[in-house]
Every structure is written in C-alpha cells, then in structure tokens.
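J.: just the structure for this:
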Amino acid sequence: PPRPPLDTLSHLLQELQMTRTWDPLQHPQWLAFEVEGRLKIRPAQHKVAQHLIDNPGAILQLNMGEGKTRVIMPMLILHWADGTRVVRLHILTPLLHEAFTFLHQTL
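T.: Model (predicted):
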C-alpha cells in the first residue's frame with residue numbers, strides 16, 4: 001500500500017505526543033468536554049482560554065482554524081457557567097447559526 005506523506009506522519013506523531021497543560025481536577029468540565037467531543041484541548045488553546053479567564057475583558061485575535069468556536073469558546077462557557085452566573089455570548093450574525101447549532105449540540 002502507498003505510504004502517507006511525511007508531513008501527515010509528522011503531524012500524527014506531534015498529535016500523539018501532545019500532553020495536557022491544564023489540571024483536570026481544577027477543570028473537570030473540560031475533561032468531560034474532551035471525552036464527549038472526542039478531542040484534546042491543545043496547549044495553545046488552553047493558554048488562550050486561561051489568559052481570557054485571568055484577564056476579564058481582554059481581547060485576543062486568533063487565526064482561522066485555531067479552535068475559537070469549537071474549543072476555546074466552550075471552554076470559557078464551561079468555566080464561567082458555574083451555577084452562580086449566566087453566561088452571555090455576543091456572536092456576529094453571519095456566524096450565529098453555526099455557533100448556535102454547535103453549542104446547542106455540544107454543551
């Protein structure tokens with residue numbers, strides 16, 4: 001059988017070697033999110049989420065494909081929706097349907 005491209009193998013190896021940079025005991029809801037979503041929160045995604053948690057009102061610009069809607073936003077929602085607060089999202093109209101559908105199915 002044909003061999004996969006080297007960059008695919010390199011990417012797979014990188015994904016398999018990735019280690020968790022956050023404590024599941026501090027964020028058990030994130031662990032459940034990972035399991036239910038069949039994903040792994042990447043160190044860069046944790047770093048962004050932690051920065052936004054530690055600096056309320058902070059603004060960050062991220063590139064497309066870095067997990068803003070599907071990973072980081074749910075992490076923040078799960079962190080702040082602790083039963084004592086109501087979380088309110090402001091989403092651009094063109095993204096509203098996709099974001100609502102994903103969040104409704106996921107959270």
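J.: the residue nearest to the spatial centre of the chain and Thr84, how far apart?
T.: With distances taken as CA atoms, centre = their mean, the residue of the chain nearest its centroid is Val71 (1.9 Å). Counting by CB to CB, to the nearest Å, the separation of Val71 from Thr84 is 24 Å. (Glycine included, C-beta is placed from N, CA and C.)
J.: do Thr93 as well
T.: 30 Å.
J.: how about the residue nearest to the centre of the chain: what's its closest non-neighbour residue?
T.: Gln45 (5.0 Å; CB to CB, 6 or more residues apart in numbering).
J.: show me what contacts that neighbour?
T.: Glu66, Gly67, Val71, Ile72, Met75 (CB atoms under 8 Å, 6 or more residues apart in numbering).
J.: and the second one, how many residues sit next to it?
T.: Read it as Gly67. Applying other CB atoms under 10 Å, we find 18 residues neighbouring Gly67.
J.: cool, the last one as well?
T.: Met75 is flanked by 24 other residues according to other CB under 10 Å.
J.: just checking, what packs against the helix or strand containing it?
T.: In this structure, Met75 sits in helix 73-80 according to DSSP states H and E. Helices and strands touching helix 73-80, by 3 or more CB pairs under 8 Å, 6 or more residues apart in numbering; DSSP states H and E, are helix 28-37, helix 43-54, helix 93-106.
J.: give the rounded mean pLDDT of it.
T.: Per-residue pLDDT over helix 73-80 has a mean of 96.
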